[in-house]
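Any chance you can model this:
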Amino acid sequence: MLFLSANSIAQIDQHTLRFSVSGSYTEENSNDGFLKNKTYTSSENAQLGVSADYYFLKGFFAGVGLYYINESSRSTHKLLVNDYYIESLTDVGTIGYVPTLRLGTSKHLGHRFYGHLLLNAQYYSIENTTYTAVMEGKTLLPDYMNIANLEQAPHFIEQTPTISSSAMGAMFEPAVSYYFTKSLSCTIGLGGVAYTKTKGSEEGIFHLNFNPSHWSLGIDWTL
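Reported below is the predicted structural model:
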(Lines give C-alpha, C1' and ligand atoms only; values in the text may rest on other atoms or scores of the structure.)
Protein backbone atom coordinates (compact mmCIF):
# COMPACT_ATOMS: atom_id res chain seq x y z
CA MET A 1 0.00 0.00 0.00
CA LEU A 2 1.29 3.47 -0.94
CA PHE A 3 1.03 6.34 1.54
CA LEU A 4 1.49 9.99 0.49
CA SER A 5 2.32 12.77 2.92
CA ALA A 6 0.31 15.99 2.94
CA ASN A 7 3.29 17.91 1.56
CA SER A 8 3.74 15.53 -1.35
CA ILE A 9 0.06 15.84 -2.19
CA ALA A 10 0.04 19.66 -2.13
CA GLN A 11 3.19 20.24 -4.17
CA ILE A 12 3.17 22.56 -7.20
CA ASP A 13 6.54 22.57 -8.96
CA GLN A 14 7.94 24.41 -11.96
CA HIS A 15 6.53 23.26 -15.33
CA THR A 16 3.27 22.13 -13.66
CA LEU A 17 0.07 22.45 -15.67
CA ARG A 18 -3.30 23.10 -14.02
CA PHE A 19 -6.68 22.91 -15.73
CA SER A 20 -9.77 24.29 -14.02
CA VAL A 21 -13.54 24.45 -14.41
CA SER A 22 -15.22 27.04 -12.20
CA GLY A 23 -18.57 28.72 -11.76
CA SER A 24 -20.73 30.87 -9.52
CA TYR A 25 -24.41 31.68 -9.04
CA THR A 26 -26.00 34.54 -7.12
CA GLU A 27 -29.62 35.57 -6.59
CA GLU A 28 -30.83 38.76 -4.91
CA ASN A 29 -34.33 40.05 -4.13
CA SER A 30 -35.61 43.23 -2.50
CA ASN A 31 -38.76 45.31 -2.16
CA ASP A 32 -39.42 48.87 -1.12
CA GLY A 33 -42.47 51.00 -0.42
CA PHE A 34 -45.94 50.52 1.05
CA LEU A 35 -48.87 48.26 0.22
CA LYS A 36 -50.31 50.49 -2.52
CA ASN A 37 -47.02 51.79 -3.91
CA LYS A 38 -44.32 49.14 -4.01
CA THR A 39 -41.23 48.36 -6.04
CA TYR A 40 -39.85 44.83 -6.31
CA THR A 41 -36.40 44.05 -7.72
CA SER A 42 -34.72 40.72 -8.37
CA SER A 43 -31.55 39.63 -10.12
CA GLU A 44 -29.73 36.44 -11.02
CA ASN A 45 -26.12 36.03 -12.10
CA ALA A 46 -24.54 32.80 -13.35
CA GLN A 47 -20.97 32.34 -14.56
CA LEU A 48 -19.14 29.31 -15.90
CA GLY A 49 -15.55 29.18 -17.12
CA VAL A 50 -12.54 27.07 -18.00
CA SER A 51 -8.88 27.98 -17.60
CA ALA A 52 -5.39 26.55 -18.05
CA ASP A 53 -2.32 27.71 -16.11
CA TYR A 54 1.39 26.94 -16.53
CA TYR A 55 3.89 27.33 -13.68
CA PHE A 56 6.91 28.87 -15.39
CA LEU A 57 8.59 29.16 -11.97
CA LYS A 58 7.84 27.41 -8.72
CA GLY A 59 4.94 29.36 -7.24
CA PHE A 60 4.35 31.62 -10.27
CA PHE A 61 2.02 30.89 -13.17
CA ALA A 62 0.54 32.38 -16.33
CA GLY A 63 -2.52 31.16 -18.16
CA VAL A 64 -5.63 31.77 -20.23
CA GLY A 65 -9.33 31.39 -19.55
CA LEU A 66 -12.72 31.70 -21.19
CA TYR A 67 -15.84 32.52 -19.18
CA TYR A 68 -19.55 32.63 -20.00
CA ILE A 69 -21.86 34.97 -18.11
CA ASN A 70 -25.67 35.05 -17.99
CA GLU A 71 -27.38 37.78 -16.01
CA SER A 72 -31.01 38.81 -15.64
CA SER A 73 -32.69 41.52 -13.61
CA ARG A 74 -36.33 42.44 -13.12
CA SER A 75 -37.89 45.58 -11.66
CA THR A 76 -41.62 45.79 -10.97
CA HIS A 77 -43.47 48.87 -9.75
CA LYS A 78 -47.06 48.46 -8.50
CA LEU A 79 -49.31 51.45 -7.82
CA LEU A 80 -52.94 51.44 -6.68
CA VAL A 81 -54.86 54.76 -6.72
CA ASN A 82 -58.39 54.27 -5.37
CA ASP A 83 -59.61 51.46 -7.64
CA TYR A 84 -57.20 52.06 -10.52
CA TYR A 85 -54.18 49.79 -10.79
CA ILE A 86 -50.92 50.37 -12.70
CA GLU A 87 -48.04 47.91 -12.96
CA SER A 88 -44.82 48.52 -14.88
CA LEU A 89 -42.27 45.81 -15.49
CA THR A 90 -38.74 45.95 -16.88
CA ASP A 91 -36.67 42.85 -17.65
CA VAL A 92 -33.02 43.10 -18.67
CA GLY A 93 -31.11 40.06 -19.91
CA THR A 94 -27.36 39.94 -20.46
CA ILE A 95 -25.19 37.21 -21.95
CA GLY A 96 -21.52 37.44 -22.73
CA TYR A 97 -18.14 35.79 -23.21
CA VAL A 98 -15.00 36.87 -21.40
CA PRO A 99 -11.61 35.70 -22.71
CA THR A 100 -9.02 36.22 -19.99
CA LEU A 101 -5.25 36.38 -19.54
CA ARG A 102 -4.16 35.20 -16.09
CA LEU A 103 -1.04 35.89 -14.05
CA GLY A 104 -0.62 34.75 -10.48
CA THR A 105 1.31 33.30 -7.62
CA SER A 106 0.65 30.31 -5.37
CA LYS A 107 1.78 29.68 -1.80
CA HIS A 108 1.60 26.47 0.22
CA LEU A 109 -0.38 27.29 3.37
CA GLY A 110 0.18 23.98 5.12
CA HIS A 111 -1.34 20.50 5.01
CA ARG A 112 -3.30 20.28 1.72
CA PHE A 113 -4.08 23.98 1.33
CA TYR A 114 -2.71 26.47 -1.21
CA GLY A 115 -3.36 30.19 -1.43
CA HIS A 116 -3.40 32.02 -4.75
CA LEU A 117 -3.31 35.66 -5.83
CA LEU A 118 -4.46 36.25 -9.41
CA LEU A 119 -4.42 39.24 -11.72
CA ASN A 120 -6.82 38.78 -14.64
CA ALA A 121 -6.87 40.93 -17.78
CA GLN A 122 -10.32 40.54 -19.36
CA TYR A 123 -12.17 41.43 -22.55
CA TYR A 124 -15.98 41.43 -22.38
CA SER A 125 -18.20 40.75 -25.39
CA ILE A 126 -21.77 41.35 -24.21
CA GLU A 127 -25.32 41.40 -25.58
CA ASN A 128 -28.20 43.09 -23.72
CA THR A 129 -31.94 42.73 -24.37
CA THR A 130 -34.62 44.73 -22.55
CA TYR A 131 -38.36 44.02 -22.25
CA THR A 132 -40.76 46.69 -20.95
CA ALA A 133 -44.43 46.11 -20.10
CA VAL A 134 -47.09 48.42 -18.66
CA MET A 135 -50.44 47.06 -17.47
CA GLU A 136 -53.25 49.18 -16.10
CA GLY A 137 -56.98 49.10 -15.51
CA LYS A 138 -59.80 49.35 -13.01
CA THR A 139 -59.55 46.63 -10.39
CA LEU A 140 -62.50 44.65 -9.06
CA LEU A 141 -60.93 44.39 -5.61
CA PRO A 142 -59.37 47.72 -4.68
CA ASP A 143 -57.89 46.27 -1.51
CA TYR A 144 -55.68 43.81 -3.39
CA MET A 145 -52.84 44.71 -5.69
CA ASN A 146 -53.30 41.77 -8.01
CA ILE A 147 -53.18 42.04 -11.79
CA ALA A 148 -55.59 39.09 -12.01
CA ASN A 149 -58.37 41.28 -10.59
CA LEU A 150 -58.41 43.77 -13.44
CA GLU A 151 -61.72 44.03 -15.34
CA GLN A 152 -60.01 44.88 -18.60
CA ALA A 153 -56.25 45.14 -18.57
CA PRO A 154 -54.82 47.03 -21.52
CA HIS A 155 -51.10 46.50 -21.72
CA PHE A 156 -48.07 47.72 -23.61
CA ILE A 157 -45.06 45.51 -24.25
CA GLU A 158 -41.87 46.66 -25.92
CA GLN A 159 -38.67 44.75 -26.68
CA THR A 160 -35.61 46.78 -27.51
CA PRO A 161 -33.25 45.42 -30.16
CA THR A 162 -30.37 43.40 -28.83
CA ILE A 163 -27.49 45.76 -28.10
CA SER A 164 -23.92 44.49 -28.42
CA SER A 165 -21.13 46.11 -26.47
CA SER A 166 -17.59 45.39 -25.36
CA ALA A 167 -15.43 46.31 -22.41
CA MET A 168 -11.94 45.87 -21.06
CA GLY A 169 -11.18 45.08 -17.47
CA ALA A 170 -8.76 43.87 -14.85
CA MET A 171 -9.44 41.93 -11.68
CA PHE A 172 -7.36 41.11 -8.61
CA GLU A 173 -8.67 37.91 -7.01
CA PRO A 174 -7.51 35.87 -4.00
CA ALA A 175 -8.35 32.15 -3.91
CA VAL A 176 -7.77 29.07 -1.76
CA SER A 177 -7.33 25.48 -2.99
CA TYR A 178 -7.66 22.19 -1.15
CA TYR A 179 -5.92 19.14 -2.67
CA PHE A 180 -7.77 15.84 -2.32
CA THR A 181 -4.96 14.06 -4.16
CA LYS A 182 -1.75 15.14 -5.89
CA SER A 183 -3.76 15.87 -9.05
CA LEU A 184 -7.29 16.73 -7.91
CA SER A 185 -8.25 19.84 -5.98
CA CYS A 186 -11.08 22.30 -5.47
CA THR A 187 -10.65 26.06 -5.43
CA ILE A 188 -12.77 28.81 -3.89
CA GLY A 189 -12.48 32.27 -5.42
CA LEU A 190 -12.95 34.85 -2.66
CA GLY A 191 -14.27 37.78 -4.67
CA GLY A 192 -11.90 40.60 -5.42
CA VAL A 193 -11.27 44.08 -6.77
CA ALA A 194 -12.12 44.80 -10.40
CA TYR A 195 -12.01 47.67 -12.87
CA THR A 196 -14.00 47.72 -16.12
CA LYS A 197 -14.34 50.29 -18.87
CA THR A 198 -16.99 49.96 -21.56
CA LYS A 199 -16.05 50.87 -25.10
CA GLY A 200 -17.12 54.42 -25.84
CA SER A 201 -17.46 55.47 -22.21
CA GLU A 202 -15.27 58.17 -20.73
CA GLU A 203 -14.88 56.65 -17.28
CA GLY A 204 -14.45 53.15 -15.92
CA ILE A 205 -16.03 51.53 -12.87
CA PHE A 206 -14.34 50.02 -9.83
CA HIS A 207 -15.92 47.01 -8.13
CA LEU A 208 -15.00 45.78 -4.63
CA ASN A 209 -16.76 42.64 -3.47
CA PHE A 210 -15.63 39.98 -1.02
CA ASN A 211 -19.16 38.94 -0.04
CA PRO A 212 -19.38 35.12 0.24
CA SER A 213 -22.51 35.17 -1.93
CA HIS A 214 -20.25 36.17 -4.84
CA TRP A 215 -17.55 33.56 -4.28
CA SER A 216 -16.86 31.01 -7.02
CA LEU A 217 -16.20 27.28 -6.80
CA GLY A 218 -13.92 25.34 -9.14
CA ILE A 219 -12.49 21.88 -9.72
CA ASP A 220 -8.82 21.64 -10.76
CA TRP A 221 -6.69 18.96 -12.38
CA THR A 222 -2.93 19.33 -11.95
CA LEU A 223 -0.37 17.58 -14.16
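
what's in contact with stretch 30-40?
Residues outside stretch 30-40 that contact it (Cβ atoms under 8 Å, 6 or more residues apart in numbering): N29, T41, S42, R74, S75, T76, H77, K78, L79, L80, V81, M145. In this view, the C-beta of every residue, glycine as well, is placed from N, C-alpha and C.

One more pass at 10 Å, please.
With contact meaning Cβ atoms under 10 Å, 6 or more residues apart in numbering, stretch 30-40 is reached by 29, 41-43, 74-82, 85, 88-89, 142-145.

next one: stretch 204-217
For stretch 204-217, the surrounding residues in contact (Cβ under 10 Å, 6+ apart) are 21-28, 45, 47-49, 67, 167-171, 173-175, 186-198.

Kindly recompute the last result at 8 Å.
Under the criterion Cβ under 8 Å, 6+ apart, residues 22-24, 26, 28, 47, 186-198 lie in contact with stretch 204-217.

Please apply the same query to stretch 171-190.
When contacts are defined by Cβ under 8 Å, 6+ apart, stretch 171-190 is touched by residues 4, 8-11, 20, 22, 24, 106, 109, 112-120, 122, 191-195, 210, 215-223.

Which strands and helices lie in contact with the helix or strand that contains T105?
For T105, the host element (DSSP states H and E) is strand 84-110. Helices and strands touching strand 84-110, as assessed by 3 or more Cβ pairs under 8 Å, 6 or more residues apart in numbering; DSSP states H and E, comprise strand 37-57, strand 60-81, strand 113-138.

Since that was my last question, I'll sign off now.
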